[in-house]
Each structure stands twice: as structure tokens, then as C-alpha cells.
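Novice: sequence? don't have it. structure:
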């Protein structure tokens, strides 16, 4: 594992965690999308997971890599981004299952 | 024990082991030194592998066998076990899988022993894995009980 991928994969996590939650909501309220995702891989949830994990890996390798070692502040910004986006994803999913 | 039951029990087993592995990573990171750096990275990778196994095994059960359980739950007065807990669990799991896959990258920092920020990133990631995994294990227990309620009431 190479340390130059820490920042791009952290950023990719932030994008795909929220993206996955948004896709879950959109999919739940768009029968045509749900049906298309089911048709693609046999079950909408399989398509969802494969798309999210593939996009995460691709983004992680495509986003700009760190040219120098990250400093303490950069690591802390990354930690905050990971924590905040994980909480936002959870809240999006909670609101969707509790209120819609 | 049938194949279905073996798969059903392997899913939470891998999940609990992943949760314990993430906790292990967190505790080792609090005391990070040159002596345990290799162990932190190895167990981070083990956490990721266990979460992928949880997904593959749980996913196979979900798409192959869960429809029958879902019908039982939805016919009971524990309908919320599917509507809230399964619907939430099946999608929150992807955040967990993303965190687990990111953990080995976070643990690859060459400054993990010396930089407070590098430690914080691994601690944040491993703590989120533990918390979300526990929440998902709890949701799994509620879903199982929902099936039991549907069969016995």
C-alpha cells in the first residue's frame, strides 16, 4: 500500500459514501431506475454495491495523488472529512427509511 | 445444518470479526510504535478482507434466501424490522465497506508513529467501522427476531 493514495482514497470515500446514500434514496423513489439496476445484475442491491465499490476504486486511483508527505493539518482535515461524510450518509439513509 | 444456515451464520461471524479487527487496529494505533507498525497494517488489511467476505456471504444470502424471510416479517406486527432495519442496514453497509477498504490506505502512512494527524485518521476510520458494525449487528438481530415473531405469533 502506497501512502500517496491516502488523500485520493479518503476523498473518494467522502464522495462515494454520500453518493451511495443519495443513490439509495433516488433508487427507492424512481421505480424505473430500480428496475434498470435490477435488470443489469439481477438485483438492484448488487448493482448498487458493485457500482459504488468500482467508482470508489477508480476515483481513488484517478484523483490527484499527494506529491509530498501529508502534514498533521492535512491528516486532520481528511479525518474530519471522513467522519462528517460518514455521518451525513447515515443521516440521509435514516431520514429515508424513517420518513419516506 | 443446511447450506442456507451456514451462510446465514457466516455473515454475522465475519462481521463481528471485522469489528474486532478494527478495534484491534484502533488500540494498536493509540500505542503506535515501530514495533507494532507492521501489525497495524496487517490487521487493517484483515479488517478489509473480513468486510468484503461479510458483503459477499451476506449478499448471497440476501439475494438468494431473504425474500421468504421478508414475506414472513411483512406479514407480522414486526414489519418495521424490514422497513426500517433491513432497508437501513443494506445501504449503510456500503459506507462500512468503503471505510474498511480505505483503512489499509490510511494505515499505510509512513508518519503513523510520529504524526498525531496520521494517527487520528486511522483512529477515526477504525472507530467508525466499530460503531457502524455494531449498529448493523444490532439491526441484524432485530431482523432475525422479526422472522421469529412472524413465525410464532
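Specialist: Now that the structure is in, tell me what you want to look at. No experiment lies behind these values; they were computed from the predicted model shown. Numbers count the residues shown, from 1 in each chain, chains lettered A, B, ... in the order given.
Novice: going forward, measure contacts between C-alpha atoms and count neighbours the same way
Specialist: OK.
Novice: mind checking the SS state of the spatially most distant residue from the centre of chain A?
Specialist: Distance from the centre of chain A peaks at residue A:68, with 25.3 Å (Cα atoms, centre = their mean). Following DSSP: H, G, I helix; E, B strand; the rest coil, residue A:68 is assigned to coil.
Novice: which one is it nearest to, not counting chain neighbours?
Specialist: Nearest in space to residue A:68, with sequence neighbours left out and distances taken as Cα to Cα, 6 or more residues apart in numbering or on different chains, is residue A:4 at 7.9 Å.
Novice: relative to residue A:70, how far out is that neighbour?
Specialist: 9 Å (Cα to Cα, to the nearest Å).
Novice: and residue B:99, by the same measure?
Specialist: When residue B:99 is compared with residue A:70 (using Cα to Cα), they lie 20 Å apart.
Novice: mind giving me the packing neighbours of the longest helix seen in chain B?
Specialist: When chain B is parsed with DSSP state H, its longest helix is helix B:116-152. Packing partners of helix B:116-152 (3 or more Cα pairs under 8 Å, 6 or more residues apart in numbering or on different chains; DSSP states H and E): helix A:72-99, helix B:3-30, helix B:66-74, helix B:87-106.
Novice: how about the secondary structure of the most centrally placed residue in chain A?
Specialist: Nearest to the mean C-alpha position of chain A, by Cα atoms, centre = their mean, lies residue A:16 at 1.4 Å. Here residue A:16 is helix, with the state taken from three-state DSSP.
Novice: thinking it is in contact with residue A:55, fair?
Specialist: Yes. With contact taken as Cα atoms under 8 Å, residue A:16 and residue A:55 are classed as touching, separated by 7.4 Å.
Novice: any common contacting residues for these two?
Specialist: The contact sets of residue A:16 and residue A:55 do not overlap (Cα atoms under 8 Å, 6 or more residues apart in numbering or on different chains).
Novice: neighbours of residue 70, how many?
Specialist: No chain was given, so I picked chain A. 20 (other Cα atoms under 10 Å in any protein chain shown).
Novice: hm, I was asking about chain B
Specialist: By other Cα under 10 Å, neighbour count at residue B:70 equals 20.
Novice: is residue B:1 in a helix, a strand, or coil?
Specialist: Per three-state DSSP, residue B:1 ends up coil.
Novice: do you know how far it is from residue B:23?
Specialist: Distance of residue B:1 to residue B:23, given as Cα to Cα: 31 Å.
Novice: the two: which is more packed in?
Specialist: In this view residue B:1 and residue B:23 are compared by other Cα under 10 Å, and residue B:23 has more residues nearby, 22 against 5.
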